[in-house]
Each structure stands twice: as C-alpha cells, then as structure tokens.
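In: Have a look at this prediction, sequence included:
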Amino acid sequence: EVQLVQSGAEVKKPGESLKISCKGSGYTFSFYWIAWVRQMPGKGLEWMGIIYPTDSDTRYSPSFRGQVTISADKSVRTAYLQWSSLKASDTAVYYCARRSADGNFFENWGQGTLVTVSS
Amino acid sequence: QTVVTQEPSFSVSPGGTVTLTCGLSSGSVSTSYYPSWYQQTPGQAPRTLIYSTNTRSSGVPDRFSGSILGNKAALTITGAQADDESDYYCVIYMGSGISLFGGGTKLTVL
C-alpha cells in the first residue's frame, strides 16, 4: 500500500526557519515525483512545486519560487519543504502528493502538516 | 498568468444530478491537459476522484464521471448523496511538471 506520512504540526514565530517532511512507503520512492500543495485557512489548494527524488530535478510555481525550498533524500525516502524565514502569511496546511507514473495527476496524498506562524 | 476557473459554489438536491466545470482563463480545456478532479471534506486531505479527463480512481463510485463539455472539463455527479457535500477541485496539467489548481467548488446537497 502506498503511503505518504508527513511530519507533525508546527508552531513557529515570524522569522524562524522550518523544514517539514513527507516520507513515502509502499513504492519505489525515487521514481515518482512528489508535489507540495498549500491550503491557507478557509482557502483552496495551491500547487507550490514538485521534485523528482532520483536527481532532485525541481520545478516551482512562480508564486512560490524564492519563498520556499523543496528537496528530497532518496536514501530515507523523504521529501522536504523548507522556509528560511517564516511569515505569518505562511500559516497553512501543507500537503505532499505523489504524482502518477504517467505524470499527469496526483495519485496519493499525505495527511497534511499544519504550520502556524504567530508572534 | 493562466487561471483555472471553477464555480465557487453549487447546490444539488439529494438524488439529483449536478455538473461542475473547470475552465481556463485563456483558451479551452482539452484532454491534452489531462484534467483531474479531487474531493475534499473539511479537515481531510484531498481524495483523487477522476484523472485523465474521465478515468475514475480506484474505489470511486460510478456516480462520479468526468468529461469535456464544450471548452471546459466537467465533473458530473449523478444521484447525489449527502456525503457528496464537499469541496471539489480540478487540476490542469500544464506540462513540464507544472500543474494548476482551480479555485474549488463548494457543493451543498440539500
């Protein structure tokens, strides 16, 4: 069974750094793209970017490029989303999702990680 | 910048049929964009319903169907049930690994 298990909820202050994770199991982690999706409180889903763990080829939405960093460590089957300096507007639930083998839809989802940024 | 458009809200009576649509701010949605649909209830992760325009994901009831209607992708729910009350999102694959979400449609069943 394919599973994506995300790290737990975080509460941070503005200006702090953060790295959240998404661990895959039940499939060959290296061979499937992993996307990150943001959902701000009461709002819709937004595609942030995607990474291919085999070679760390990464694509970003223009809205998120430079604001976050997506990375992956195939040796531990884990993808990451990180911020160097959080803002209150980063408060959201973040989902990881595995893209299908043919690459055109999100086949499996993590449970989500709530990030709260507040002074 | 391309925007994916969805109706903000829709309502359907129990047992009724509803069609939600997914368009592009510039141009038409075709099968080449591999439209997919996701259902999300409050506090839950999205669930994949339909991919590649009209293929149901594993375990999705056949009352959910996908199609292209005119210049938009469409999700039709036939015989709506109370637990279909959810937010529905379409995703358009733009190529080069990039996907775009629509703003979502809040479906009420009453």
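Out: Sure, I can see it.
In: Just give the nearest non-adjacent residue to the most far-flung residue of chain B relative to its centre, would you?
Out: The outermost residue of chain B relative to its centre, with distances by CA atoms, centre = their mean, is B:Ser96 at 22.1 Å. Using CB to CB, 6 or more residues apart in numbering or on different chains and skipping residues adjacent in sequence, the residue nearest B:Ser96 is A:Arg59, 6.7 Å away. In this view, the C-beta of every residue, glycine as well, is placed from N, C-alpha and C.
In: just to revisit the earlier point, show the backbone phi and psi for the residue farthest from the centre of chain B.
Out: Backbone torsions of B:Ser96, given as degrees, to the nearest 10, read phi 50, psi 30.
In: distance of A:Cys96 from B:Trp37?
Out: A:Cys96 is 19 Å from B:Trp37, where distance means CB to CB, to the nearest Å.
In: What is the neighbour count of the residue nearest to B:Ser96?
Out: A:Arg59 has 17 neighbours, counted by other CB atoms under 10 Å in any protein chain shown.
In: thought it was touching B:Ile98?
Out: Yes. Counting by CB atoms under 8 Å, B:Ile98 is a contact partner of A:Arg59 at 5.9 Å.
In: Which neighbours do those two have in common?
Out: Both A:Arg59 and B:Ile98 are in contact with A:Ile50, where contact means CB atoms under 8 Å, 6 or more residues apart in numbering or on different chains.
In: Is A:Gln44 in contact with B:Phe101, as I believe?
Out: Slight slip there: residue A:44 is Gly, not Gln. Yes. Counting by CB under 8 Å, B:Phe101 is a contact partner of A:Gly44 at 6.4 Å.
In: For A:Lys19, the count of nearby residues, please.
Out: Neighbourhood size, A:Lys19 [other CB under 10 Å]: 13.
In: swap that for B:Pro8, please
Out: Neighbour number of B:Pro8 under other CB under 10 Å is 10.
In: gap between it and chain A?
Out: As defined by CB to the nearest CB, to the nearest Å, B:Pro8 lies at a distance of 10 Å from chain A.
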